[in-house]
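**Student:** Got a predicted structure here, sequence first:
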Amino acid sequence: MPSDAKFALPGSPATPIQLVDPNGLETALAGLDGTAATWARENGFSASLGETCVLPSVEGKIGRVLIGRGSEAARRRKRFVIGAAIAGLPEGRYELDQSSAEDTDLDQLGLGFLFSQYRFDRYRDQSASKAQLVAPSGIDVARLEAIAAGEFLTRNLINTPAQDMGPDHLETAMRSLAAQHGGKVTTVEGDDLLVQNFPMIHAVGRAAKQAPRLIEMNWGESGPLLCLVGKGVCFDTGGLNLKPGASMGLMKKDMGGAATVLGLAHMIMSLGLNLRLHVLVPAVENSVDGSAFRPGDILTARNGKTVEINNTDAEGRLVLADALALASEAKPDLMICMATLTGAARVAVGPDLAPFYTDDEGCAKTLGDAAARVNDPVWRMPFHDPYEAMIEPGIADLDNAPSGGMAGSITAALFLRRFASEVPRFIHFDIYGWQRANAPARPKGGIGQGARAILDALPEVLDL
């Protein structure tokens, strides 16, 4: 499996790539020699978004490549198309004719190229892109390559099935990441979760063969404290409220929150941001045997709140609650929780948008602006206080699965906020973590959501 993607180093000869706007097509063709212009016309090149036309040289080699920029509306609708088109070119070295790239987002072009190099080939061989692109002038090469490596880590973790990505494998991945960057990992596992007061993590994961655990990573010696908490449910059967088969098929991705957090952590550490990073992943498998927790049970969380279990398939918020309670004790400057938490979020905004919740108006605006800049779409959802009563069952402090099916993503977010009440700036993401069909630079399978927006927003939010 690929762990990173790179730009080609400058120096050796490279074939020029010319970007062509549909409105400037005739002007662009007029600037070519007669044979090349005729070739482009005879091949029907119209400069639609991502359309390529390979022009031969007099020796019969690739002399120049035309790639369409398409309309502004097409570029808004589709991400990474031009970079993906470059990655799909025949084997060789290419460089952008930057005089043709006016008003082109070169970071998006570069990321599209890098992301298109991803292949998940752990279980079968897959042909890799052989096109090389010299880094366009003016981009931050190290930053884009760090972002791509973090995204590849996220994709690899999500795509790996639970047989090879259980709680112990997720711990191994975190330890490998920490070793790469000089971080420190500690783990609380099995019955030690009860001894050290993580009862809900223990309850959710105790029926599985691999012991539940809370994996903790610390990195950095100075700067503001950023805590990232990621849901690490490595497979979710639904527990005793067993999912139907159709709903269980994608549950290897239920650790997508943890995978996204680890990808983001890699970006942060690779770029050496001046902050202290605290990463928490409650890693469990929600399985079924005689020790499984039951509907009707009342659990006591780390912070003392009691929770009535009305559905064992609403387990993610339980393991996150204990982790958030621990994270809150350190009083971080910013705490971000990421989880593949609710189907209600997908119904509300579909698979491409990453919904987030926060009470901090400044964080919300900064994050939204950053998401627009880096084309990593997010959407703010409300912590709607009147719905608090929906998560209060009467017999306990909290209900993990309010009846009625209304506002499922909001009530889950409100539940988690109860465990982050001591943190002034808290953001919760309810992501999907899955690409349902192949798209430019995003093959079907695991996908990161929100991480690039967060990375871009951090300097302003944390005053770095």
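**Tutor:** Alright, I've got the coordinates.

**Student:** Tell me who's in contact with residue 202.
**Tutor:** Residue 202 is in contact with 190, 191, 193, 194, 212, counting by CB atoms under 8 Å, 6 or more residues apart in numbering. For glycine as for every other residue, the C-beta is placed from the backbone atoms N, C-alpha and C.

**Student:** Highest neighbour count among those residues?
**Tutor:** Tallying neighbours with other CB atoms under 10 Å puts residue 212 at the head of these, with 29 neighbours.

**Student:** Looking at the contacts of residue 202, which one is closest to residue 249?
**Tutor:** Lowest distance from residue 249 to these (CB to CB) belongs to residue 212, with 23.1 Å.

**Student:** ok, for the closest one, nearest residue in space, not its chain neighbours?
**Tutor:** Nearest-residue entry for residue 212: residue 205, 2.6 Å, with adjacent residues in sequence omitted and distances by CB to CB, 6 or more residues apart in numbering.

**Student:** Check the gap between residue 63 and residue 56 for me.
**Tutor:** Using CB to CB, to the nearest Å, residue 63 is found at 6 Å from residue 56.

**Student:** Mutual contacts of those two, please.
**Tutor:** Residues touching both residue 63 and residue 56 by CB under 8 Å, 6+ apart: residue 36.

**Student:** In terms of neighbours, single out the busier of these two.
**Tutor:** Set residue 63 next to residue 56 and count neighbours by other CB under 10 Å: residue 63 wins out with 18 against 13.

**Student:** Using PDB, write out every CA atom in whichever strand or helix holds the more buried one.
**Tutor:** Following DSSP states H and E, the helix or strand that holds residue 63 is strand 62-68. Output in PDB follows, covering the C-alpha atoms of strand 62-68 (Å, rounded to 0.1, in the frame of the first residue of the first chain):
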ATOM      1  CA  ILE A  62       4.800  13.300 -26.900                       C
ATOM      2  CA  GLY A  63       5.600  17.000 -27.600                       C
ATOM      3  CA  ARG A  64       3.000  18.800 -25.600                       C
ATOM      4  CA  VAL A  65      -0.200  18.000 -23.700                       C
ATOM      5  CA  LEU A  66      -3.300  20.100 -23.700                       C
ATOM      6  CA  ILE A  67      -5.700  19.800 -20.800                       C
ATOM      7  CA  GLY A  68      -9.000  21.600 -20.600                       C
END
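
**Student:** Can you spell out which helices and strands pack onto it?
**Tutor:** With contacts defined as 3 or more CB pairs under 8 Å, 6 or more residues apart in numbering; DSSP states H and E, strand 62-68 has these neighbours: strand 15-20, helix 34-42, strand 52-56, helix 81-87.

**Student:** avg pLDDT for stretch 135-145?
**Tutor:** The average of the pLDDT scores along stretch 135-145 is 96.

**Student:** nope, stretch 234-247 is what I meant
**Tutor:** The model assigns stretch 234-247 a mean pLDDT of 97.

**Student:** measure that stretch end to end?
**Tutor:** Distance across stretch 234-247, first residue to last, is 15 Å (CA to CA, to the nearest Å).

**Student:** cool, and stretch 321-338?
**Tutor:** 12 Å.

**Student:** swap in stretch 133-142?
**Tutor:** Start-to-end span of stretch 133-142 (CA to CA) is 15 Å.

**Student:** Please renumber the chain so that the first residue is 750 from this point on.
**Tutor:** I'll keep to 750 as the first residue from here, and by that count the last item is stretch 882-891.

**Student:** continuing past the longest strand seen in the chain, what's the next helix or strand?
**Tutor:** What stands out as the longest strand in the chain, according to DSSP state E, is strand 1025-1035. Using DSSP H and E, the helix or strand that follows strand 1025-1035 towards the C-terminus is strand 1047-1049.

**Student:** The helix or strand just after that next one: how far from the chain's middle?
**Tutor:** Using DSSP H and E, the helix or strand that follows strand 1047-1049 towards the C-terminus is strand 1055-1057. Distance of strand 1055-1057 from the chain centroid (CA atoms, centre = their mean, to the nearest Å) equals 31 Å.

**Student:** what is the rounded mean pLDDT of strand 1055-1057?
**Tutor:** 98.

**Student:** now for that strand, which elements pack on it?
**Tutor:** Secondary-structure packing of strand 1055-1057 (3+ CB pairs under 8 Å, 6+ apart): strand 1047-1049, strand 1147-1148.

**Student:** What are the contacting residues of the longest one?
**Tutor:** Contacting residues not belonging to strand 1047-1049 are listed as 948, 949, 952, 1042, 1055, 1056, 1057, 1058, 1067, 1144, 1145 [CB under 8 Å, 6+ apart].

**Student:** List buried members of those residues by neighbour count.
**Tutor:** Neighbour-count burial (16 or more other CB atoms under 10 Å) is assigned, among those, to 948, 949, 952, 1042, 1056, 1057, 1058, 1067, 1145.

**Student:** What is the nearest of those to residue 853?
**Tutor:** residue 1067 (46.5 Å).

**Student:** Please give me every residue in contact with that closest one.
**Tutor:** The contact partners of residue 1067, by CB under 8 Å, 6+ apart, come to 949, 950, 952, 953, 1048, 1050, 1056, 1149.

**Student:** cool, and residue 923?
**Tutor:** 934, 964, 966, 1011, 1028, 1030.

**Student:** ok, 10 Å please
**Tutor:** 906, 932, 934, 936, 964-966, 979, 981, 1007, 1010-1011, 1014, 1028, 1030, 1032 (CB atoms under 10 Å, 6 or more residues apart in numbering).

**Student:** Most neighbours of all the residues you listed, which one?
**Tutor:** Within those, residue 981 tops the neighbour count with 37 neighbours, counted by other CB under 10 Å.

**Student:** is it true that residue 902 touches residue 1012?
**Tutor:** Yes. Using CB atoms under 10 Å, residue 902 makes contact with residue 1012 at a distance of 4.7 Å.

**Student:** what residues are shared contacts of those two?
**Tutor:** Among the neighbours of residue 902, those also in contact with residue 1012 (CB under 10 Å, 6+ apart) are 926, 1197.

**Student:** Around residue 876, how many other residues sit close by?
**Tutor:** Using other CB under 10 Å as the criterion, residue 876 is surrounded by 7 other residues.

**Student:** Cheers, nothing more for now.
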